[in-house]
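*Asks:* predicted coordinates and the sequence they were generated for:
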Amino acid sequence: MQIGRKGKLFVKKEATYNETPRPTLVATDAIRHIDVGMTWDPFARVTSPEKKQSPGAVVRLDRRSTGEFSLRSALLRPSGTLNTLPEADEILEAGFGSKTNVTLTTTVSASPAPTTTTATVASAGTLATGDGILITRAGIKYVRILTNVIANALTWAPALPTAPTTGESVKGCLTYKLTTDLAISLFAAHYLSATKRSESGIGIDKLSLIFDGTEEARLTASGPAAAQETDAVQAEPAAFTTVGGNPPTGMVGDHYIDAVAVLHKTLTVDLANGLALRHSEAGVAVPTEVYRVGRREVTIKEETFAEDETEIYDLAEAGTDVSVLRQNGRTEGNILALYLPRVEFKVPDQGDDDGEVSWSFSGLALESADGMNDELRLVMA
């Protein structure tokens, strides 16, 4: 008998696509999860199209194998320590394409006078446009995204509630960023009581980040796999070493539309990478690479109570793009933030039932300009 709660998942980035021999898993490759799936069809058989005397199927023909990895649900968990990678780091990097992790502690300088969107700091280190930073303003920690860095002069978005003062802290963060090309592949193994299975050559085609007004943020990720193994899976690592404590809940943090703080119930961002496996050529039975074949699409869904039309509704009605920032948590090392610089929201339907009336907004996230690859950032601070 299988008891699902005993399942253990390990994930590791491959050095080469569908790496052979398989990457060696260690205890620190562990990822806590809620539900995971691995599908595999080793033959992908089809019925012969030839004419035959009776209507039933009798001749079956082999086709290329197909597989998919699906992290159906997991908590989106920071590491608990600023600049330390989280458990799901490799899944997030494979989905986004890249990351920067800037270790820096600096302070706001007195001159020129800081504003809600600018400050000169004692040292900018290796900070660059697009990086996330953690600003402490009047004892409260805010994540912001750098829109410009010139020497030690920083510009960020969205605006802070008030301008920082001399000596207040600015720190570098871990930021996941989108890229033009995407060819990172993963190896994953799942151990459950008497069974074990692994998949290799996994590309993260779809990634969802789910923020709730009350609960902890969650993550889903899925994509095609090149191969699956069961009998030949390496032995389970001797330990299951995890990173980070309880992740922040949606009850603590901020949500901004442009620079205006708004209330919301749920927010989900879906990233679709448009990946494909290269395995359609003659003489090839196993995929040789994973690559982007379609247009990347980032969509957002947000549910709010139907009460203040000026926050999102009027902007959607006017066709005005807005920026979106969602931050969970205030404790350094245990903060999550999503930033989308341009979102084109649609005007939502509105019901009239006996309960609370909500607006379900949906929208498309856009790059700030062609080639910027910045329609979505994920920051852990």
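*Replies:* Perfect, thanks for sending it. Residues are numbered from 1 along each chain as shown.
*Asks:* C-alpha only now, for contacts and for neighbours.
*Replies:* Will do.
*Asks:* right, and residue 156 touches residue 115 too?
*Replies:* No. Using CA atoms under 8 Å, residue 156 is not in contact with residue 115, being 10.3 Å away.
*Asks:* more neighbours, these two?
*Replies:* residue 156 (22 against 15; other CA atoms under 10 Å).
*Asks:* show me the residues around that one that make contact.
*Replies:* 117-118, 144-148 (CA atoms under 8 Å, 6 or more residues apart in numbering).
*Asks:* most neighbours among the residues you listed, please name it.
*Replies:* So for the contacts of residue 156 (other CA under 10 Å), the most neighbours sit at residue 145, 28 neighbours.
*Asks:* contact partners of the helix or strand hosting it?
*Replies:* Using DSSP states H and E, the secondary-structure element containing residue 145 is strand 140-150. Contact partners of strand 140-150, identified using CA under 8 Å, 6+ apart, comprise 127-136, 154-158, 160, 327, 330-332, 337, 339, 379, 381.
*Asks:* mind giving me the ChimeraX select for these, buried ones only?
*Replies:* The following ChimeraX line selects those of these that are buried, judged by 16 or more other CA atoms under 10 Å:
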select :127,128,130,131,132,133,134,135,136,154,155,156,157,158,160,327,330,331,332,337,339,379,381
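*Asks:* what's the burial count for residue 232?
*Replies:* Other residues close to residue 232 by other CA under 10 Å number 10.
*Asks:* distance check, it against residue 10.
*Replies:* 16 Å (CA to CA, to the nearest Å).
*Asks:* over to residue 262?
*Replies:* 38 Å.
*Asks:* doesn't residue 343 make contact with residue 315?
*Replies:* No. Using CA under 8 Å, residue 315 is not in contact with residue 343; the gap is 10.5 Å.
*Asks:* list residues touching both of the two?
*Replies:* Residues touching both residue 315 and residue 343 (CA under 8 Å, 6+ apart): 321-322.
*Asks:* more crowded one of the two?
*Replies:* Per other CA under 10 Å, whichever of residue 315 and residue 343 has more neighbours is residue 343, with 25 against 17.
*Asks:* the more buried one bridge partners, please.
*Replies:* For residue 343, the beta-bridge partners are residue 322, residue 365 (DSSP bridges).
*Asks:* what ranges do the strands span in the stretch 1-150 of the chain?
*Replies:* Ranges of strands within the stretch 1-150 of the chain are 8-13, 30-31, 35-41, 46-47, 60-61, 66-75, 97-101, 105-107, 118-120, 132-137, 140-150, based on DSSP state E, counting those that start in this stretch.
*Asks:* just send these back as CSV, with mean pLDDT too.
*Replies:* Shown next, in CSV, are the strands of the stretch 1-150 of the chain (pLDDT from 0 to 100):
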stretch, mean pLDDT
strand 8-13, 97
strand 30-31, 97
strand 35-41, 95
strand 46-47, 94
strand 60-61, 95
strand 66-75, 96
strand 97-101, 98
strand 105-107, 98
strand 118-120, 98
strand 132-137, 98
strand 140-150, 98
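*Asks:* related to what we said a few turns ago, tell me what angle the next helix or strand after the strand holding residue 145 forms with strand 140-150.
*Replies:* Downstream of strand 140-150, the next assigned helix or strand under DSSP H and E is strand 153-157. Calculated by axes from the mean of the first three to the mean of the last three CA atoms, to 10 degrees, strand 153-157 forms an angle of 120 degrees with strand 140-150.
*Asks:* just grab the bridge partners of the closest residue to residue 37 other than its chain neighbours for me.
*Replies:* Leaving aside its chain neighbours, residue 37 sits nearest to residue 70 (5.0 Å; criterion: CA to CA, 6 or more residues apart in numbering). Using DSSP bridges, the beta-bridge partners of residue 70 come out as residue 37, residue 222.
*Asks:* parallel or antiparallel, which strands does the strand holding residue 145 pair with?
*Replies:* Partners of strand 140-150 in the sheet, by DSSP bridges, are strand 132-137 (antiparallel), strand 153-157 (antiparallel).
*Asks:* tell me which of those sits nearest to residue 228.
*Replies:* Among the strands paired with strand 140-150, the nearest to residue 228 by CA to CA is strand 132-137 (37.1 Å).
*Asks:* what's the angle from the closest one to strand 97-101?
*Replies:* Interaxial angle, strand 132-137 versus strand 97-101 (the same axes, to 10 degrees): 40 degrees.
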